[in-house]
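1. Predicted model, plus sequence, below.
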Amino acid sequence: MFGIPGKPPITLTPAAAAQVARLMARDDAAALRIGVKKGGCAGMEYTMDYVADLDPHDEVVEQDGARVAIAPMAQMFLFGTEIDYEVSLLESGFKFRNPNVVDACGCGESIKFREMDEAQGD
């Protein structure tokens, strides 16, 4: 696994943990799985899905009643990320504060990682 022994790969703010726990209870899910996939104007996008069963290769973070599973291919991209849940007048949703992101599109939905630049020879 990636990271520092004894330190969780991601952290959840109290608001995010409460929202994940609510979603898990509402949908009778074992966890909320987060990952990344190719797409969007900056090259990558976050994914979030409810899962009934955990994959043995998932990195699992449990915090304040919330359980987040990190998909194996996303672990190196998400290490050090803080996930928050913000509510505003116009929108509400999860916000990723990811130190591995080097660029993001204006909408905040699409991100670019340093590893992608190096892999492409930039």
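-> Cool, got the structure. Residues are numbered from 1 along each chain as shown.
2. C-alpha from now on. contacts and neighbour counts both.
-> Fine.
3. helices or strands up against the helix ranked longest in the chain?
-> Taking DSSP state H as the criterion, the chain has its longest helix at helix 14-26. Secondary-structure packing of helix 14-26 (3 or more C-alpha pairs under 8 Å, 6 or more residues apart in numbering; DSSP states H and E): strand 31-38, strand 66-70, strand 81-87.
4. Return the longest one as PDB; C-alpha atoms alone will do.
-> I take that to be strand 31-38. Extracted C-alpha coordinates of strand 31-38, given in PDB (Å, rounded to 0.1, in the frame of the first residue of the first chain):
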ATOM      1  CA  ALA A  31     -19.100   1.500   2.100                       C
ATOM      2  CA  LEU A  32     -18.700   4.400  -0.300                       C
ATOM      3  CA  ARG A  33     -16.000   3.600  -2.800                       C
ATOM      4  CA  ILE A  34     -14.000   6.400  -4.300                       C
ATOM      5  CA  GLY A  35     -11.800   6.200  -7.300                       C
ATOM      6  CA  VAL A  36     -10.500   8.100 -10.400                       C
ATOM      7  CA  LYS A  37     -11.100   7.500 -14.100                       C
ATOM      8  CA  LYS A  38     -10.000   9.100 -17.300                       C
END
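5. who does the residue nearest to the spatial centre of the chain bridge with?
-> Nearest to the mean C-alpha position of the chain, by C-alpha atoms, centre = their mean, lies Ile34 at 4.6 Å. For Ile34, the beta-bridge partners are Met48, Ile70 (DSSP bridges).
6. Contact partners for it?
-> For Ile34, the contact set (C-alpha atoms under 8 Å, 6 or more residues apart in numbering) comprises Tyr46, Thr47, Met48, Asp49, Val68, Ala69, Ile70, Ala71, Ala74.
7. which among those residues gets closest to Asp28?
-> Asp49 (12.6 Å; C-alpha to C-alpha).
8. Now the closest one: closest residue in space that isn't a chain neighbour?
-> Leaving out its chain neighbours, the residue that sits closest to Asp49 by C-alpha to C-alpha, 6 or more residues apart in numbering is Arg33, at 5.2 Å.
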